[in-house]
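[1] I'll drop the sequence and a predicted model, then ask my questions.
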Amino acid sequence: MRVLFAGPPFFGLLYPMVPLAQAFRAAGHDVLVGTCGKAAGHAAHAGLPALDCAPGIGPDALYADMEKRRDRKPPSPGEAGEPPKGKGFSFFSDEMADTMVDLGRQWRPDLVVHTPNGVVGQLVATRLGVPSVLHAVGFGHTGRHVAMMNDALADGYARHGLDGPDPIAAWLDVTPPSMSVAAEPRTRPMRYVPYNGGSSLPHWLFEDRKRPRVAVTLGTVRPVVDGVSPLQWV
């Protein structure tokens, strides 16, 4: 089977799908990752073949600019009590849509896996007439949120002769069962397996210490917008 993984170009949205993609490969299936920006290289470093589906754009810089202009632009679909209007920010799904549809026509996947923010995967699956599976990345996403992202991709659907997305075939919930609030149809629980890439660790991490060690993280999106200055406050 051929499985296309559609991932937004940010660590926190792409990396949660890596273990499942590696599991598909270990089981003998063909896997391909469609993303853009630096994320294509990060997928390749994870041992996965990847294609930059929006060459020439810098998602980090564009996202930082959009965040800085957030207070001066109209609400995105569903924000501030506004109804979805088919405009706004869809995590670069629109920028990737045309190339990823062409990729799908040539590579002919049997299944598309995407995150709640990677609705370009749902568009590709709908255009090709194959099932799509949503891979949750945390606690907060709901079907309403995914619908909002698809509304933001309305122009992309129209370009490819589609009125909107087909329903997803399954919703993979990686939340611990005792903490899950998922109420989506066709939800399937799946054990969360973390992936953060590889690294060469310094020896001091394993030396004896007298005081507790505290690790502080801002995630990967906030430093893109504000740099590391918030760490001074922490």
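    Nice, I can see it.

[2] Tell me which residue of this structure is furthest from the middle?
    Note on the chain: the largest C-alpha distance from the chain mean falls to K210, namely 40.2 Å (Cα atoms, centre = their mean).

[3] and it, which of the three is it?
    coil (DSSP: H, G, I helix; E, B strand; the rest coil).

[4] buried set for the lengthiest helix in the chain?
    In the chain, taking DSSP state H as the definition, the longest helix is helix 93-107. Buried residues in helix 93-107, defined by neighbour count with 16 or more other Cβ atoms under 10 Å: 93-97, 99-101, 103-104. (C-beta placed from N, C-alpha, C; glycine too.)

[5] cool, and stretch 21-34?
    21-22, 24, 31-34.

[6] Pick out whichever of those sits closest to A44.
    V33 (8.3 Å; Cβ to Cβ).

[7] still on that earlier bit, show me the contact partners of the longest helix of the chain.
    Helix 93-107 is contacted by residues 2, 4, 6, 8, 32, 34-36, 51, 53-55, 57, 112, 117-121, 123-124, 127-128, 149, 152-153, 155-156, 159-160 when judged by Cβ atoms under 8 Å, 6 or more residues apart in numbering.

[8] ok so A21 is a helix residue?
    Yes. Counting by three-state DSSP, A21 falls inside a helix.

[9] I'd like the numbering to begin with 187 instead of 1 from here.
    Renumbered: residue one is now 187, and that last one reads A207.

[10] D216 is in contact with that one, correct?
    No. In terms of Cβ atoms under 8 Å, A207 does not count as a neighbour of D216; the distance is 10.8 Å.

[11] what do those two both touch?
    With Cβ under 8 Å, 6+ apart, A207 and D216 have common neighbours V189.

[12] Beta-bridge partners for the closest residue to R374 other than its chain neighbours, please?
    Nearest residue to R374 in three dimensions, chain neighbours excluded: A356, at 5.3 Å (Cβ to Cβ, 6 or more residues apart in numbering). Going by DSSP bridges, A356 is paired in beta bridges with V319.
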